[in-house]
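S.K.: build the 3D model from these lines:
(3 chains)
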Amino acid sequence: MPTSEVLSERLLPWFEDQGRGGDDLPWRQEGTTAWGVLVSEVMSQQTQVARVAPVWERWMRRWPTPADLAAAPTADVLREWDRMGYPRRALRLQECARIVAEKYDGSVPSDPAELERLPGIGVYTAAAVAVFHYGARHPVVDTNVRRVVARLGGAADAGTATTKADLAATEALLPDGAEAAARVSVALMELGALVCTARKPECGVCPVAAECGFAGQEIPPGPSRKRQRYTGTNRHVRGEVMKLLRDADGPVPRERIDAVWPDSRMLDEAISQLISDGLVGTDESGQFELPSA
DNA sequence: TAGCCGTGGAA
DNA sequence: TTTCCAAGGCT
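M.R.: Model prediction:
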């Protein structure tokens, strides 16, 4: 495990030269608002940044401010979210927009603890906004950073998320200055995304291999964590229903929903969940549609 | 706290 | 083709 000084010495030059540089992502452009950064981070939760980028650009053009998103019809929001997955994130983001617009007069909080109180904003996203937009000195721990830090300490991979321990371990690697600390955080994420990957780490090109407890070792075979199946699950059914409603012009009768899944019991369950989640509404005749509010 | 919440790119 | 898993959050 390197000291914070050594880590910065090795990592930052690598980041300048080899990393994505940090300026190819549209939300990294100079002048992106705090709200724009927040939106990008929520969209990037469990969705690859390459798929997020085009959606983010359309989204921010259409709804530049929290007030704009707050005022939008939820059906429009869900259609613009398109197929990024986990559409409840879109709902939470709109709710977040309402709170920022009303309670915070349209300006995104800068304090991580305050950000965490917003819907859909957890420890990672709060830290990301506070650090990447506001320049706070604070650890930013995503799945990449957890893995990199775990490997520096000699483990093959990070275990179950233990937020406090992860934050402390990462904090210890940050340099004193806030600006340098922020760069180290982005660089750690980049290192995990590009070099210290989950399945095939490239220790040969890693700038901190010499200080790494795991460098050169083999990843044990098999999944690092228990994997959730998708095909045939409730999530799958929900996804099919949402796709149908996104693509529909207007309210849809139950018969058309029945056509997307053979098991009507699963369909019943999924539909009532979606309604309860606020992702699906019904019109006066009992047909189904994206939420009208 | 472990399981749930979508979708698709990459190998 | 199948499997893995992705800039996580919520309960």
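
S.K.: what sits against A:V100?
M.R.: Each residue near A:V100 by Cβ atoms under 8 Å, 6 or more residues apart in numbering is listed here: A:35, A:66, A:106-109, A:118. Glycine gets a C-beta too; all of them are placed from N, C-alpha and C.

S.K.: if you could redo that for A:V208, that was the one I meant.
M.R.: With Cβ under 8 Å, 6+ apart, A:V208 has these contacts: A:2, A:7, A:10-11, A:152, A:191.

S.K.: measure it to A:D142 for me?
M.R.: With the distance defined as Cβ to Cβ, to the nearest Å, A:V208 ends up 18 Å from A:D142.

S.K.: that older thread, among the contacts of A:V100, who's most crowded?
M.R.: Scoring these on neighbours with other Cβ atoms under 10 Å, the highest-scoring entry is A:P66 at 27 neighbours.

S.K.: that residue contacts A:K103, correct?
M.R.: No: counting by Cβ atoms under 8 Å, A:P66 sits too far from A:K103 to count as a contact (10.3 Å).

S.K.: now, the contacts of A:V100 that are in helices?
M.R.: Applying DSSP state H to the contacts of A:V100, the entries found in helices are A:35, A:66.

S.K.: lowest-scoring secondary structure element of chain A by mean pLDDT?
M.R.: helix A:163-171 (a mean of 91; mean pLDDT, DSSP states H and E).

S.K.: output the helix or strand that comes right after that helix as PDB, nothing but the C-alphas.
M.R.: Later in the chain than helix A:163-171, the nearest helix or strand by DSSP states H and E is helix A:178-194. Output of helix A:178-194 as PDB, limited to C-alpha atoms (Å, rounded to 0.1, in the frame of the first residue of the first chain):
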ATOM      1  CA  ALA A 178      -8.300  19.700  -2.200                       C
ATOM      2  CA  GLU A 179      -7.500  20.200  -5.900                       C
ATOM      3  CA  ALA A 180      -4.900  17.500  -6.000                       C
ATOM      4  CA  ALA A 181      -7.200  15.200  -4.000                       C
ATOM      5  CA  ALA A 182      -9.900  15.600  -6.500                       C
ATOM      6  CA  ARG A 183      -7.500  14.700  -9.300                       C
ATOM      7  CA  VAL A 184      -6.400  11.600  -7.400                       C
ATOM      8  CA  SER A 185     -10.000  10.500  -7.000                       C
ATOM      9  CA  VAL A 186     -10.700  10.800 -10.700                       C
ATOM     10  CA  ALA A 187      -7.400   9.100 -11.500                       C
ATOM     11  CA  LEU A 188      -8.200   6.200  -9.200                       C
ATOM     12  CA  MET A 189     -11.600   5.800 -11.000                       C
ATOM     13  CA  GLU A 190      -9.900   5.900 -14.300                       C
ATOM     14  CA  LEU A 191      -7.200   3.400 -13.200                       C
ATOM     15  CA  GLY A 192      -9.900   1.000 -12.200                       C
ATOM     16  CA  ALA A 193     -11.900   1.500 -15.400                       C
ATOM     17  CA  LEU A 194      -9.000   1.200 -17.800                       C
END
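
S.K.: and helix A:178-194, what does it pack onto?
M.R.: Helices and strands touching helix A:178-194, by 3 or more Cβ pairs under 8 Å, 6 or more residues apart in numbering; DSSP states H and E, are helix A:4-17, helix A:143-152.

S.K.: still on that earlier bit, now for the contacts of A:V100: which two are most distant?
M.R.: A:G106 and A:L118 (13.5 Å; Cβ to Cβ).

S.K.: contacts only, for A:L118.
M.R.: A:96, A:99-100, A:109.

S.K.: excluding chain neighbours, what is closest to the residue in chain A positioned nearest to DNA strand C?
M.R.: Using Cβ to the nearest atom of the strand, the single residue of chain A nearest to DNA strand C is A:G122, 2.6 Å away. Distance criterion Cβ to Cβ, 6 or more residues apart in numbering; nearest residue to A:G122, sequence neighbours excluded, is A:E116 at 6.6 Å.

S.K.: let me know the pLDDT of the one you found.
M.R.: We have a pLDDT of 98 for A:E116.

S.K.: contacting residues for it?
M.R.: When contacts are counted by Cβ under 8 Å, 6+ apart, A:E116 touches A:122-123, A:126.
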